[in-house]
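>>> based on what follows, work out the 3D shape:
(chains A and B)
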2 protein chains.
Amino acid sequence: MNSIFSDRMNDVPQSFIREILKVAVDPSIISFAGGLPNPDLFPVDEIKTATQSVLENYGVDALQYSNTEGFAPLREFISRRYKEKQGLDIPIKNILITTGSQQGLDLLGKVIINENDDLIIEEPGYLGAIQAFSVYRARFRPVPVDESGMDCDVLKDTIKQYNPKLMYTVPSFQNPSGITYTSENRQRVADIIKGTRTFLIEDNPYGDLRFEGSPKSSFASLIPDNTILLGSFSKTIVPAFRLGWVVAPDHIMEKMVIAKQAADLHSNYFAQRVIHQYLMDFDLDDHVKNIVKLYRSQKQAMISSIQANFPDDVKYTNPEGGMFLWASLPNNCFAMDLFNEAIKEKVAFVPGDPFYVDGKKTNTFRLNYTSADEATIDEGIKRLAKVIKEFK
Amino acid sequence: MNSIFSDRMNDVPQSFIREILKVAVDPSIISFAGGLPNPDLFPVDEIKTATQSVLENYGVDALQYSNTEGFAPLREFISRRYKEKQGLDIPIKNILITTGSQQGLDLLGKVIINENDDLIIEEPGYLGAIQAFSVYRARFRPVPVDESGMDCDVLKDTIKQYNPKLMYTVPSFQNPSGITYTSENRQRVADIIKGTRTFLIEDNPYGDLRFEGSPKSSFASLIPDNTILLGSFSKTIVPAFRLGWVVAPDHIMEKMVIAKQAADLHSNYFAQRVIHQYLMDFDLDDHVKNIVKLYRSQKQAMISSIQANFPDDVKYTNPEGGMFLWASLPNNCFAMDLFNEAIKEKVAFVPGDPFYVDGKKTNTFRLNYTSADEATIDEGIKRLAKVIKEFK
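This is a model prediction of the structure:
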């Protein structure tokens, strides 16, 4: 091959969602395709106060180069919050601030995955993780998830057959499906992983956004030696800052720091200081309560409209939190074909196809409910219901 | 091998400079080891005004997720500046905003370098580039540089023998040596590269910081089809924001955008908006003039003190800009051994060793002159001169 490009870029899927979003940019289209937090609740005034405070009190210090690991007081806040909310003991030496949790995925792929290494991914699974690990040419071993969590029979066989280094999960309010692993399912998954060499990555960007049901244990409390945690401020404070974190054992952290230094030296230090100042001067829990209240009513609006308008043979999940729900058409209906019809009726969603690694056409699709008001949600679901009825 | 880690992390050098900086943290040590811009000139008030303006006028828009390529008006500013300052026509579709120019290096390695691909690097060369390309297991082919630029005989042979995909250069005020390729040298290098498949990466973080001599042509004007440009706001505005950019041809840009999306979705969008606002409301050239004036006097202070105090057989470069100069001890004196003695006398620098890829002990070392005032520079050089005299 005489290509100028590396082989590793051959398998990386283009972001299909990117293309979808381009189609959906027409303002007359009601879009359930995005994955954006609702900007109405962004704490603009509080961020303004925090930026002023940082610049007035710390000035040049907040604008200089900094260390790769991240601002220690911010990592201390994260550590304290793990203790308070989940009873987890996470020393700050095991917390690395990353440029969004997406960078956590890139760094984990970089330091752990060799070409053709097996990696377990949920089916359907988060597209950003599929992209990140594709770069390192992981061999994906999908394990199905449903409303109770992961299929433990398939998981057991997959672990036994492949002994994978990594397993990527979003156990709470999963992207794309909105499902949450039950406590029983978590325990069963933990029992299967325990004692193997597999690291379970628990990606938890939506964990704070629970509007129903009760919180579930982190895998970090069930199988601490086998768990890597990813967290993010993008869904609870603001996405633009691109600030997330990884929690990993010492020996992995050491390699991650080296890899991060080679990747971007450190994450935006001013933004780290501003987020920290925000967390010191304002109550994150109060803010999260407002987000939860809004998303709960938006989710309920979508579920109610679906119940009233969709044909009975369209199945859907009913999330306890997060930003997405997942619908399934009858088996012979392909979501991609439905998408093309839906666009004509001015409503958009994400066909399930990019969330599977086998490249097959699917009958599933993802709906986001956090970006439109309740009336718009109802109108959009009605449009979609009409398309589905004509399409079947 | 039963390691949990990928093979690619085996060869990545730990940041030696990181370790050096830890030693040099003692406040009684005068350190020429760092690579930090002088914070006295950070435009704190202007950044404060810009953050307020962005939050007041654009509010939530500046805090939401954004596109991978970067904020278009910021890329337009960069494009206009290339035209005004260097006469280059760079369409914004060929400009990608990155999380510092360090990320530009990571993405170029990622999309271009296969394991064992040959890559030309300057000798001595920038440590951050050595780290970034080591991750992708490039085979480094060093080509020596001296005060006139690159050794073109070695370059010609290296290109002929290896036909490398990439060549990494800092042709103006190089890190670590402070040297600048002459116009004649640039033309010779360009003549050798032209018509080959090699992409010359011109990293130019210090280009605006010229305090003597006349600006030189970019390789982008000499061999546009073979040139990739890296730029940064870290040395001219503030480092903490981690904002840089890559200029590359369409087909490389397309892969870079996919790779960047998988790496961190996009760079901090709020910081992009703030830097853009700063550039709209304040005069970057006026600000750069102040930096140049300060660095000129600091460099002159260091050169004067070296002339007055160092033994005659210690050679050194006399940079026309940038932040570093490079010294060479007599051949039988190793800089690493000198470092250990110097620390005892409360003065620090970076031994040349990490800037070479062959792992040999060297007699060279790097001195930074931008982080201390003139009196401190003189005192530090006197301490170092004393150590050198006793050491030889």
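>>> please list all residues in contact with residue A:73.
With contact taken as Cβ atoms under 8 Å, 6 or more residues apart in numbering or on different chains, residue A:73 is in contact with residue A:276. The C-beta positions use only the backbone N, C-alpha and C, and glycine is treated the same way.
>>> ignore what I typed, I meant residue A:382.
With Cβ under 8 Å, 6+ apart, residue A:382 has these contacts: A:305, A:309.
>>> just the buried residues of the helix ranked longest in chain A, please?
Secondary structure of chain A per DSSP state H: the longest helix is helix A:284-309. For helix A:284-309, the neighbour count (16 or more other Cβ atoms under 10 Å in any protein chain shown) marks A:284, A:287-288, A:291-292, A:294-296, A:298-303, A:305-306, A:309 as buried.
>>> and that helix, what does it pack onto?
Helix A:284-309 sits against strand A:324-328, helix A:374-391, with contacts defined as 3 or more Cβ pairs under 8 Å, 6 or more residues apart in numbering or on different chains; DSSP states H and E.
>>> can I get the ones you listed in TSV with distance to residue B:274 and mean pLDDT?
Putting the helices and strands packed on helix A:284-309 into TSV (distance: least, Cβ to Cβ, whole Å; pLDDT from 0 to 100) gives the following:
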stretch	distance to residue B:274	mean pLDDT
strand A:324-328	31	98
helix A:374-391	32	96
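>>> and these, which is most packed in?
Ranked by mean neighbour count, these are led by strand A:324-328 with a mean of 22 (mean count of other Cβ atoms under 10 Å in any protein chain shown).
>>> distance from the chain centre to that strand, please.
Relative to its chain's centre, strand A:324-328 lies at 15 Å (Cα atoms, centre = their mean, to the nearest Å).
>>> is it anywhere near chain B?
No - judged by Cβ under 8 Å from any Cβ of the partner chain, strand A:324-328 and chain B are separated, with a smallest distance of 15.1 Å.
>>> contacts for that strand?
So strand A:324-328 is contacted by A:35, A:124, A:173-179, A:299, A:302-303, A:306, A:310, A:314-319, A:352, A:363-369 (Cβ under 8 Å, 6+ apart).
>>> could you measure from residue A:37 over to residue A:234?
Distance, residue A:37 to residue A:234, using Cβ to Cβ, to the nearest Å: 7 Å.
>>> between these two, which is the more surrounded one?
Each of residue A:37 and residue A:234 has its neighbours counted (other Cβ atoms under 10 Å in any protein chain shown); residue A:37 has more, 25 against 22.
>>> okay if I get the helices and strands packed on helix A:284-309 as TSV plus distance to residue A:65?
Formatted as TSV, the helices and strands packed on helix A:284-309 follow (distance: least, Cβ to Cβ, whole Å):
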stretch	distance to residue A:65
strand A:324-328	38
helix A:374-391	45
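>>> wait, which of the ones you listed is closest to residue B:88?
For those, proximity to residue B:88 was assessed by Cβ to Cβ; strand A:324-328 is nearest, at 44.5 Å.
>>> any idea of the angle whatever helix or strand comes next after the closest one forms with helix A:374-391?
Note on strand A:324-328: by DSSP states H and E, the next helix or strand toward the C-terminus is helix A:335-344. Per axes from the mean of the first three to the mean of the last three Cα atoms, to 10 degrees, the angle that helix A:335-344 makes with helix A:374-391 is 120 degrees.
>>> just checking, what packs against helix A:335-344?
Here helix A:335-344 touches strand A:350-351, strand A:364-368, helix A:374-391, going by 3+ Cβ pairs under 8 Å, 6+ apart.
>>> who are the packing partners of the helix or strand harbouring residue A:202?
For residue A:202, the host element (DSSP H and E) is strand A:199-203. Under the contact criterion of 3+ Cβ pairs under 8 Å, 6+ apart, strand A:199-203 touches helix A:100-112, strand A:166-169, helix A:219-222, strand A:227-232.
>>> if you count neighbours, what's buried in the next helix or strand after the first one?
When you say that, I think you mean helix A:100-112. Later in the chain than helix A:100-112, the nearest helix or strand by DSSP H and E is strand A:118-123. Neighbour counts over strand A:118-123 (16+ other Cβ under 10 Å) mark A:118-123 as buried.
>>> could you do stretch A:127-139 as well?
Buried residues in stretch A:127-139, counted by 16+ other Cβ under 10 Å: A:127-138.
>>> any chance of those residues in a markdown table, with distance to chain B too?
Output for those, formatted as a markdown table (distance: Cβ to the nearest Cβ, whole Å):
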| residue | distance to chain B |
| --- | --- |
| A:127 | 10 |
| A:128 | 7 |
| A:129 | 9 |
| A:130 | 9 |
| A:131 | 4 |
| A:132 | 5 |
| A:133 | 9 |
| A:134 | 7 |
| A:135 | 5 |
| A:136 | 7 |
| A:137 | 10 |
| A:138 | 10 |
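>>> in helices, which of those fall?
Per DSSP H, the buried residues of stretch A:127-139 map to helices at A:127-135.
>>> would you turn those into CSV with pLDDT?
As requested, these are exported to CSV (pLDDT from 0 to 100):
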residue, pLDDT
A:127, 94
A:128, 95
A:129, 97
A:130, 96
A:131, 94
A:132, 96
A:133, 97
A:134, 96
A:135, 96
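>>> closest to residue A:357 out of those?
Minimum distance to residue A:357 across these is 6.2 Å, recorded for residue A:130 (Cβ to Cβ).
>>> mind listing what residue A:297 touches?
residue A:374.
>>> from the ones in helices among the buried residues of stretch A:127-139, pick the one nearest residue A:105.
In terms of Cβ to Cβ, no member of these lies closer to residue A:105 than residue A:132, at 3.7 Å.
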